[in-house]
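A.B. asks: Here you go, sequence then predicted model.
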Amino acid sequence: MVDAQHKWKAWIYLAPALILLLIFTVWPIINTFHVAFLNGYNSLGNQGGATYAFGIENFKQVITYKDFLQCLKNTTLLCVLTVPLSCFLALLIAVFLNSITRFSKLLQTIFFLPYVTNTIAIGMVFAMMFNIVGLTKENDIAKYEADCLAKGATPLQHYMVSEVERDGILYQTGYRASSWGIINRFLIVMNIEPIIWINQGSSYAANIAVMVIYIVWNALPFKILILLGGLQSVNKQYYDAAKIDGASRLTIFGRITVPLLSPMIAYVVITGFIGGFKEYTSVVGIYGTTLGPVGYDGRLNTIVGYIYDALSKANYGVASAASLILFVIIFAVTIVNLYVSNKKVHY
């Protein structure tokens, strides 16, 4: 403990960090609250000497935005689907890594690699895996194949074929592509028709499925690291006693591992929900700045994406209001998680 007469030295040592926190963290938060309640605040107008009345017009503009509910739906859906799944998988993988001795360090390194890799770069790789190149609809596959053979070319592989009757003649129609992508090639090997995941004509469910797979995979390393650290600190005597009593692995997992690991589980769940409600870069990594497949721009936009859109247009008042709405949502969810944690967590 620092002696009372030498506390001023501690403040001197802390001063640089405190000053930076005040300038880059505390002041922006205070300014966000201030700007959010200035009706129609715009940075360009502010530089021109415009004055703004105090009110809640910015909040009204956010809530009445035609796609606000879609942004809220996307954000909530991605959060609700990915956080429980990623936490559960991380727990299973952490238990597996903790139980092996050979190659454990190598496997830990492999599982941790995504955490130190750029999110946008990972998204681009995932987009290539699900992307279909040269996807076109062929109204008469038989004629298309005959034309290719006549030109000495190899017909592109076609799938999702259906028969359509025109003037009493049955025509086979379907989609063909130059490349179906890695994921669809795997489905084809399994005799499953390929799915249009992220290209034009894809469904909302397929778009969400791609995002869930990507976000869960990207979120696993950090959760595995936290849970594995907790597992390695658990007293092994609990497991030895359970084995002597003849407890099964499932019983040990449910009665010993989960309760003793509950503080770490609560931590990764709370931080997972906080991060989940701030999803944006993952969507950009897969779909780019259009935030959706071709022809469906903005379909997967999130609240953070809406904030960035407002900032790019210098509408700082609207962006600040949307940030406060997001803050209230995250705060409410965190309070609920903390309340549940106090009931279920064993310290």
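C.D. replies: Sure thing, it's come through.
A.B. asks: Follow the chain on from the worst-scoring helix or strand of the chain on mean pLDDT and name the next helix or strand.
C.D. replies: Lowest on mean pLDDT, DSSP states H and E among the helices and strands of the chain sits helix 43-47, with a mean of 66. Counting by DSSP states H and E, the next helix or strand C-terminal to helix 43-47 is helix 57-63.
A.B. asks: Now that next one - C-alpha only, PDB.
C.D. replies: Extracted in PDB, the C-alpha atoms of helix 57-63 (Å, rounded to 0.1, in the frame of the first residue of the first chain):
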ATOM      1  CA  GLU A  57     -36.000  14.800 -32.300                       C
ATOM      2  CA  ASN A  58     -32.800  12.800 -33.000                       C
ATOM      3  CA  PHE A  59     -34.300   9.800 -31.100                       C
ATOM      4  CA  LYS A  60     -37.600  10.200 -33.100                       C
ATOM      5  CA  GLN A  61     -35.700  10.200 -36.300                       C
ATOM      6  CA  VAL A  62     -33.800   7.000 -35.400                       C
ATOM      7  CA  ILE A  63     -37.000   5.100 -34.200                       C
END
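A.B. asks: Check which residues of it are buried.
C.D. replies: For helix 57-63, burial by neighbour count (16 or more other CB atoms under 10 Å) applies to Glu57, Asn58, Phe59, Gln61, Val62. In short, each C-beta sits where N, CA and C put it, glycine included.
A.B. asks: right, and Gln157 touches Gly174 too?
C.D. replies: No: contact between Gln157 and Gly174 fails when scored by CB atoms under 8 Å: they sit 10.4 Å apart.
A.B. asks: So between those two, which is more surrounded?
C.D. replies: Higher neighbour count among Gln157 and Gly174: Gly174, with 16 against 13, using other CB atoms under 10 Å.
A.B. asks: for the more buried one, which residues make a bridge with it?
C.D. replies: Glu138 (DSSP bridges).
A.B. asks: pull the longest helix from the chain.
C.D. replies: Using DSSP state H to define each element, the chain has its longest helix at helix 68-99.
A.B. asks: how does the chain divide up, domain by domain?
C.D. replies: 66-132+200-344, 136-176 (automatic domain parsing).
A.B. asks: Let me know which of the ones you listed is tucked in deepest.
C.D. replies: The highest average neighbour count among the domains of the chain, using mean count of other CB atoms under 10 Å, belongs to domain 66-132+200-344 at a mean of 17.
A.B. asks: what's the pLDDT at the residue lying closest to Met128 once chain neighbours are set aside?
C.D. replies: Nearest non-adjacent residue to Met128, counting by CB to CB, 6 or more residues apart in numbering: Gly181, 7.2 Å away. Per-residue confidence (pLDDT) for Gly181: 86.
A.B. asks: what's the distance between Gly181 and Glu138?
C.D. replies: 19 Å (CB to CB, to the nearest Å).
A.B. asks: Rounded mean pLDDT for the helix or strand following the longest helix of the chain, please.
C.D. replies: The helix or strand immediately downstream of helix 68-99 is helix 104-112, counting by DSSP H and E. Mean pLDDT, helix 104-112: 78.
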